[in-house]
Structures are given as C-alpha cells and as structure tokens.
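# please find the sequence and the predicted model below.
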Amino acid sequence: MKRALSKKLDTAWSKRIRQYGQCEACNKTKPLHAHHFHGRRCFSVRWDLNNGFCLCAGCHVYSNKFSAHITPSEFTFWAIEQRGQEWYDDLTLKKNTPQKFTDADYDLIYASIWEV
Ligand SMILES: [Zn+2]
C-alpha cells in the first residue's frame, strides 16, 4: 500500500516539475527530466516541489561541463544563484528533519502537488 502511494506521488511530482516546460538551466524544451536537488532517498523532501528542477537530459545527467549528476558542486552553486540562499537553507533544514508519513499525509502531499 505504502509503496503504491509512494509511486503515485513520484509520478505526480515528476509530472508537475516537468510542467515548467523548459530546462531551467539552458531553456531547451525536450527531453525534460525532473531532478531531485536532494536525492530521492531523502523522504522528507522527496515530494517537495521546492526540491525539484526541470532539466533537459543534458543538464540533468549527461553533460560533463554542467549537469546535476556529473558536476554536482557547479550545479549546487548555480541552483543557489537561481533560487537564493534562503531556499537552500530552508530546503536543507527540511531534508535533515526526519519525517514519518501517515496515509493522511500522503493524501495531503498529493493534493499539494497539484494546487500550486
Ligand atoms: Zn538544459
């Protein structure tokens, strides 16, 4: 049950992030990926829209010059430049605050993904 809910949330989160419609780094419009700034293992921010970046495949995983997964330090620097230190601090604090979700929480998270 929980695993199914988690998958449903992953799909919704990814779709919502990609609705941005273009790569936030280079403005390409496809193929688009949803990147977790703090990795998916960090459940407290796994479905937080503030933890998502809409990136093209290159800026997400392939480019040796700049991509979230190959040049993570450069990516982090860029991300903070884009969204601000406060965004980074708030998100990182939330990431470091362990959270246990109840089924009711999952429903609230799902609703929050779509209400923005
Ligand atoms: Zn890009």
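Great, that's in hand. Numbering: from 1, shown residues only.
# ok, now which ones touch the residue nearest the centre of the chain?
Nearest to the geometric centre of the chain sits G52, at 2.1 Å (Cα atoms, centre = their mean). Going by Cβ atoms under 8 Å, 6 or more residues apart in numbering, G52 touches W13, R16, I17, A34, H35, H36, F37. Every C-beta, even on glycine, is put in place using the N, C-alpha and C of the backbone.
# if we check the ion, which of these are in contact?
When Cβ under 5 Å from the ion is applied, no member of these is adjacent to the ion.
# would TSV of those residues with pLDDT be doable?
As requested, the contacts of G52 are exported to TSV (pLDDT from 0 to 100):
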residue	pLDDT
W13	97
R16	97
I17	98
A34	98
H35	98
H36	98
F37	98
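# pick out the most distant pair among those.
Maximum pairwise distance among the contacts of G52 (Cβ to Cβ): 14.8 Å, between R16 and F37.
# helices and strands around the helix or strand of the chain with the lowest mean pLDDT, which ones?
Taking mean pLDDT, DSSP states H and E as the measure, the chain has helix 103-115 as its least confident helix or strand, at a mean of 89. With contacts defined as 3 or more Cβ pairs under 8 Å, 6 or more residues apart in numbering; DSSP states H and E, the packing partners of helix 103-115 are helix 2-18.
# thinking again about what came up before, starting at the chain centroid, how far to the least confident helix or strand of the chain?
The chain centre lies 16 Å from the centre of helix 103-115; the measure is Cα atoms, centre = their mean, to the nearest Å.
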